[in-house]
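Enquirer: test case, fold it:
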Amino acid sequence: MALSDGGFTEEQEALVVKSWSVMKKDAANLGLNFFLKIFEIAPSATQLFSFLRDSEVPLEKNPKLKPHAMSVFVMTCEAAAQLRKAGKITVRETTLKKLGATHRKYGVADGHFEVTRFALLETIKEAVPEMWSPEMKNAWGVAYDQLVAAIKEEMKPLPAA
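Expert: This is a model prediction of the structure:
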């Protein structure tokens, strides 16, 4: 998917890349914080994850949550950092089609993407407080919106033949 008008500027790219280079070192914990924020805002979102649905374990101790959260956080940040260079959303280790199909299968809705956006920005703000600025918030917001637009494009059901 090509970038929509308004794109992602060089300045925005620099802010994202600079903050991601710092956060990368603690991606596992930041990913977990990111998901815990999502579930704090929208507790029912745990139902979207088969490994959380019937779990009696506290979220932060669930053995499957941390690796999943880290992979989502890393994928999101890597896609953001490469957005301008690639000119489109690129995701490693998975395809947008697979992401779209998974999100459709589990009934992920617009509201979930909004909560996730808020949680992501809060996580980054707390991770790099000395770098955080309205410009950085905007840069990450634009990158996240591009990723979500690409995933939503793949979530659309295929037209009937």
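
Enquirer: could you list the low-pLDDT ranges of the chain?
Expert: Low-confidence regions of the chain, defined by pLDDT under 70, span residues 1-6, 88-94, 158-161.

Enquirer: what's the spacing between the residue positioned nearest the centre of it and E130?
Expert: For the chain, the residue sitting closest to the mean C-alpha position, by CA atoms, centre = their mean, is T76 at 4.3 Å. Counting by CB to CB, to the nearest Å, the separation of T76 from E130 is 22 Å. Bear in mind the C-beta positions are built from the backbone N, C-alpha and C, glycine included.

Enquirer: give me the neighbour count for A150.
Expert: Residues within reach of A150, counting by other CB atoms under 10 Å, total 19.

Enquirer: gap between whichever strand or helix holds it and the chain center?
Expert: Here A150, judged by DSSP states H and E, is contained in helix 134-155. Relative to the chain's own centre, helix 134-155 is displaced by 8 Å; criterion: CA atoms, centre = their mean, to the nearest Å.

Enquirer: now it: buried residues?
Expert: Burial within helix 134-155, assessed by neighbour count using 16 or more other CB atoms under 10 Å, is assigned to 136, 139-140, 142-144, 146-148, 150-151, 154-155.

Enquirer: mind listing residues that contact it?
Expert: Residues outside helix 134-155 that contact it (CB atoms under 8 Å, 6 or more residues apart in numbering): 1, 3-4, 6, 8, 11-13, 15-16, 19, 76, 79-80, 83, 88-89, 96-97, 99-101, 103-104, 108, 113, 116-117, 120-121, 124-125, 128.

Enquirer: repeat that for stretch 98-111.
Expert: Contacts with stretch 98-111, where a contact means CB under 8 Å, 6+ apart, come from A42, L48, F49, V91, I151, K152, E153, E154, M155, K156, P157.

Enquirer: how about stretch 44-64?
Expert: Stretch 44-64 is contacted by residues L32, F35, L36, I38, F39, L65, H68, Y106, G107, V108, H112, V115 when judged by CB under 8 Å, 6+ apart.

Enquirer: ranges for the helices of this structure?
Expert: 10-23, 27-41, 50-53, 65-86, 96-105, 110-127, 134-155 (DSSP state H).
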